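Asks: build me a model from this:
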Amino acid sequence: MKPDHSTYVKKLFTDLAGRYDLANRWMTWGQDKHWKREVIDRVQLPPGGKILDIGAGTGDIALEAFHRDDEALVVPADFAPEMMRVGRLRHETSSLRWVISDAQYLPFRSGSLDGVVSGYLLRNVNDVQIVLSEQFRVLKPGGRIVCLDTTPPPRDLWHLPVHLYLRFVIPLIGGWVAGDRAAYRYLWDSTENFLPARELAESIRKAGFRDVSYRRFMGGSVAIHWGIK
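Replies: Numbers count the residues shown, from 1 in each chain. As a prediction, this is how the structure comes out:
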């Protein structure tokens with residue numbers, strides 16, 4: 001990330017840390033829980049495997065992986081320590097291996113992980129291609145990447161209501177639940193200016209992944225992408 005953008009995003013998530021997950025529940029009508037379960041379904045982690053949740057925030061996706069296999073090495077990593085502090089307090093009984101890390105420079109050996117997952121990471125980074133290439137590097141051959149993120153809704157019958165929901169309703173919910181309407185205006189802006197789902201799939205292929213595909217949710221404003229090294 002560029003220093004100014006990186007500082008802004010880190011401060012945003014630091015300020016939201018305590019109520020971030022609750023706000024997500026409200027904004028997605030509770031659907032984000034199902035999407036995070038699908039992320040772990042699609043990564044197809046082998047028994048006792050090694051998985052990185054990059055941009056993990058409070059560790060919801062990592063915890064889902066741990067619940068599936070408590071023998072797995074599950075590493076939630078984020079560059080915002082306050083988000084992870086909230087997660088560690090919330091999930092203190094688990095054996096998650098928390099790591100402070102920038103998504104552009106992963107502190108793992110090449111070919112050392114069975115899976116890399118992320119939730120709402122890619123639209124916040126400065127260079128998507130660098131981040132995807134780093135995830136490709138640390139995966140073993142046959143390892144899987146799965147990304148959950150918001151994407152610009154397609155120009156179909158759902159576009160206008162989804163656009164209005166993102167632009168006006170989500171900041172209202174953010175102000176009510178998290179006490180920060182401006183932060184959730186950033187959510188709309190970063191979604192509208194992010195790669196459409198089809199272009200993100202092409203970026204994942206460009207990073208070297210094969211069998212890349214995706215599913216859309218919430219009128220196309222959310223997508224899960226996956227691929228294999």
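
Asks: can I assume Leu187 is in contact with Tyr165?
Replies: No. In this structure Leu187 lies outside contact range of Tyr165 using CB atoms under 8 Å: 11.2 Å. Glycine gets a C-beta too; all of them are placed from N, C-alpha and C.

Asks: so between those two, which is more surrounded?
Replies: Neighbour count, other CB atoms under 10 Å: between Leu187 and Tyr165, Leu187 has more, with 21 against 18.

Asks: how about the more buried one, secondary structure?
Replies: Judged by DSSP: H, G, I helix; E, B strand; the rest coil, the three-state class of Leu187 is helix.

Asks: so what touches the lengthiest strand in the chain?
Replies: Taking DSSP state E as the assignment, the strand of the chain that covers the most residues is strand 139-150. For strand 139-150, the external contacting residues (CB atoms under 8 Å, 6 or more residues apart in numbering) are 35-36, 39-40, 42-44, 61, 111-123, 132, 135-136, 187, 190-191, 194, 200, 204, 209, 221-229.

Asks: okay, now the unreliable bits of this structure?
Replies: Scanning the chain with the threshold set as pLDDT under 70 gives 1-5, 8-26, 93, 156-159, 162-163, 168-184.

Asks: which residues in it form strands?
Replies: Along the chain, counting by DSSP E, strands occupy 50-54, 73-78, 99-100, 113-119, 139-150, 210-217, 222-228.

Asks: can you add distance to Arg85 and give those strands back as JSON lines?
Replies: Listed next are these as JSON lines, based on distance: least, CB to CB, whole Å:
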{"stretch": "strand 50-54", "distance to Arg85": "16"}
{"stretch": "strand 73-78", "distance to Arg85": "10"}
{"stretch": "strand 99-100", "distance to Arg85": "11"}
{"stretch": "strand 113-119", "distance to Arg85": "18"}
{"stretch": "strand 139-150", "distance to Arg85": "22"}
{"stretch": "strand 210-217", "distance to Arg85": "30"}
{"stretch": "strand 222-228", "distance to Arg85": "27"}
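
Asks: Gly87: which of these is closest?
Replies: Shortest distance between Gly87 and the strands of the chain, using CB to CB, is found for strand 73-78: 6.7 Å.

Asks: what distance separates that closest one from the centre of its chain?
Replies: Here strand 73-78 shows a centroid-to-chain-centroid distance of 13 Å under the convention CA atoms, centre = their mean, to the nearest Å.

Asks: relative to Gln31, how far out is Gly219?
Replies: 12 Å (CB to CB, to the nearest Å).
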